[in-house]
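Sequence and predicted structure are below.
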Amino acid sequence: MQLTRRQFTKALGTTMGCAAIPTKAWGYTPKALNLTASKSTNPIFIKEKPGALTNLWTFNQKSPGPMLRFNVGARVKVNLHNKLPQPTSVHWHGIRLKNSMDGVTGLTQSGVENGESYLYDFELPDAGTYWYHSHNKAWEQVARGLYGPLIVDASNDPKVDHDIVLLIDDWQLDNKGQIRENSFGSLHDWAHAGRLGNWITVNGKSNPLYSLKVNSRIRLRLINPANARIFNLNFTEVTPKIISLDGYPVTPFESATLTLGPAQRVDLIIDLPENLPMFRLEIVTNTNPLTVARFALDPNLGRGDRALNPEIILPKGPNPPEAGPTALRVPIHMQGGAMGNLKSAKLNGQMISLRELAQKHRKVWAFNGRVGGYDYILAKANLGRLVILDVQNDTRWSHAMHLHGHHFWVKSKSNPVEDSSSKRDTYLMKPNENAELIFVADNPGLWLFHCHMLEHHAGGMGAVLEVV
Ligand SMILES: [Cu+2]
């Protein structure tokens, strides 16, 4: 689905999607699975140019990579093999795993070099919709296709007729359908909204069609692996019930529209009306909406069991504890980017003007007057302590703030949540928004807190929380 330049620049939050999902899950085995990062050619552009194969970097030759699917509590072993010309690593986004398995090159491990392998070995404490992606030069490697879905099932998941994972991505392609390589590292992208694509795929396909049983109940798991694009989505003909955000259950609520920031996930349930032949998922723009996926009845599939299904009730977690005097409050004043108020910031202990930071160091964002980095420890929290990240987005841009190793409650006056017990791992902050991200520091290690607009992170918007 090609976005015109006009739709692109006018899109409110925009969108994209992609990645092919094999129907066969990898299963529930403690045997190590193999994930090989390599170059491959993929037909993501064939709808525009028949026969076109796009050169991507992928896991197991496909983007999205293979669907990793396990039961909650399972122990996972994945052997990463690197056949790429750059070092790489894998981050298991949203999984509360042990720190050494978090996959952040330069913080929790060294990059896995070409020809080398690395064994990831961790457990899955929470059910839900997650994903995995490269975490070395992610702004380039994720844009080239290095990501895939990670689904964790629970025995009390709602019974459905179809369980469909949709990774919605945007790619920056030239007119031959190849990745625009010469725009990697564009300082303009780093200081503005990030790298935005011009070609949208869902599960690696342009505008795919999914066939459904008559009278069926459908679970859709939407994942945004795009570098920087915020997708404003709309369902035609149906009003889904949203049941979880970032894998975490919420009190179900109905909404035909939703916003999906980079790295965020939304799970929803659709009970198909008896006489509805099809519905569409589209991107909302200021001009015409763009259809990115279609869903149609196929009578050959038989009938679903929608009428037999009860209301969705998912287990709910607790509300955030009261912040007593022992809570650790961590102020994070975010500044920088184009049209911002950052004049200078500290880098390696030296105060440097923004102009010099940008031109000489490729840094344009700061936390608390300091350019971010893996050597910047924002705070040190003792195990079990309640932590409040008091985040002030003092920039002209939205930011998808992601905390590794923990899930957090969100309190924000400008974006009140209806379900105070719900948690996220990635929170999309509006310009000038203040938000408290609250969590119990129950996982020891060095945990990255960063913007998931990957160019913003590369440009200095990321630092570390240490739990000891
Ligand atoms: Cu950002």
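Perfect, I can see it now.

In the stretch 1-150 of the chain, which residue sits nearest the ion?
Distance from the ion to each residue of the stretch 1-150 of the chain (CB to the ion) is smallest for Trp139, at 11.5 Å. (C-beta placed from N, C-alpha, C; glycine too.)

Could you say which helix or strand holds that residue?
Following DSSP states H and E, one finds Trp139 within helix 138-141.

who does the helix or strand just after that helix pair up with?
The helix or strand immediately downstream of helix 138-141 is strand 147-153, counting by DSSP H and E. Strand 147-153 pairs in its sheet with strand 68-71 (parallel), strand 128-134 (antiparallel), by DSSP bridges.

how about the CA coordinates for strand 147-153, as CSV?
These are the backbone C-alpha positions of strand 147-153, laid out as CSV (Å, rounded to 0.1, in the frame of the first residue of the first chain):
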residue,chain,number,x,y,z
TYR,A,147,12.0,-8.4,13.9
GLY,A,148,9.3,-11.0,14.5
PRO,A,149,6.3,-11.8,16.8
LEU,A,150,6.5,-13.5,20.2
ILE,A,151,3.2,-14.8,21.5
VAL,A,152,2.7,-16.2,25.0
ASP,A,153,-0.5,-18.2,25.6
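
Now Pro320: closest residue in space that isn't a chain neighbour?
Trp409 (4.1 Å; CB to CB, 6 or more residues apart in numbering).

who touches that neighbour in this structure?
Shown in contact with Trp409 (CB atoms under 8 Å, 6 or more residues apart in numbering): 319-320, 420-423, 437-439.

residue ranges of the strands in the stretch 251-400 of the chain, please?
Ranges of strands in the stretch 251-400 of the chain, per DSSP state E, counting those that start in this stretch, are 257-260, 265-271, 278-283, 290-297, 328-336, 344-347, 350-353, 365-367, 370-371, 377-381, 386-393, 399-403.

on that earlier part again, could you identify which of the strands paired with strand 147-153 is most buried?
Of all these, strand 128-134 carries the top mean neighbour count, a mean of 26, counting by mean count of other CB atoms under 10 Å.

Put the alpha carbons of it into PDB.
Listed next in PDB are the C-alpha coordinates belonging to strand 128-134 (Å, rounded to 0.1, in the frame of the first residue of the first chain):
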ATOM      1  CA  GLY A 128       0.300 -11.800  26.000                       C
ATOM      2  CA  THR A 129       1.500 -10.300  22.700                       C
ATOM      3  CA  TYR A 130       5.200  -9.400  22.500                       C
ATOM      4  CA  TRP A 131       7.800  -9.200  19.800                       C
ATOM      5  CA  TYR A 132      11.500  -9.500  19.200                       C
ATOM      6  CA  HIS A 133      13.900  -7.400  17.300                       C
ATOM      7  CA  SER A 134      17.500  -6.500  16.800                       C
END
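
how far does it sit from the chain's center?
Centre-to-centre, strand 128-134 and its host chain are 7 Å apart (CA atoms, centre = their mean, to the nearest Å).

got it, and stretch 39-57?
23 Å.

Between the two ends of it, how far is it?
By CA to CA, to the nearest Å, the extent of stretch 39-57 from end to end equals 4 Å.

what's the closest non-adjacent residue to the residue most central in space within the chain?
Centroid-nearest residue in the chain, with CA atoms, centre = their mean: Ala263, separated by 1.2 Å. Spatial nearest neighbour of Ala263, excluding adjacent residues (CB to CB, 6+ apart): His452 at 4.0 Å.

I'd like to know how many residues surround the one you found.
Residues near His452, counting by other CB atoms under 10 Å, number 30.

Verify the stated contact: it with Met401.
Yes. Between His452 and Met401 there is a contact at 7.5 Å, judged by CB atoms under 8 Å.

where do the contact lists of these two overlap?
Overlap of the contact sets of His452 and Met401 (by CB under 8 Å, 6+ apart) consists of Thr426.

Which positions in the stretch 201-350 of the chain make contact with the ion?
The stretch 201-350 of the chain comes close to the ion at no residue, as judged by CB under 5 Å from the ion.

burial measure for Ser117, as a count.
14.

Kindly report the same for the one 3 residues further on.
Other residues within reach of Tyr120, judged by other CB under 10 Å, total 23.

Can I take it that it is in a strand?
Yes. When DSSP: H, G, I helix; E, B strand; the rest coil is applied, Tyr120 is found to be in a strand.
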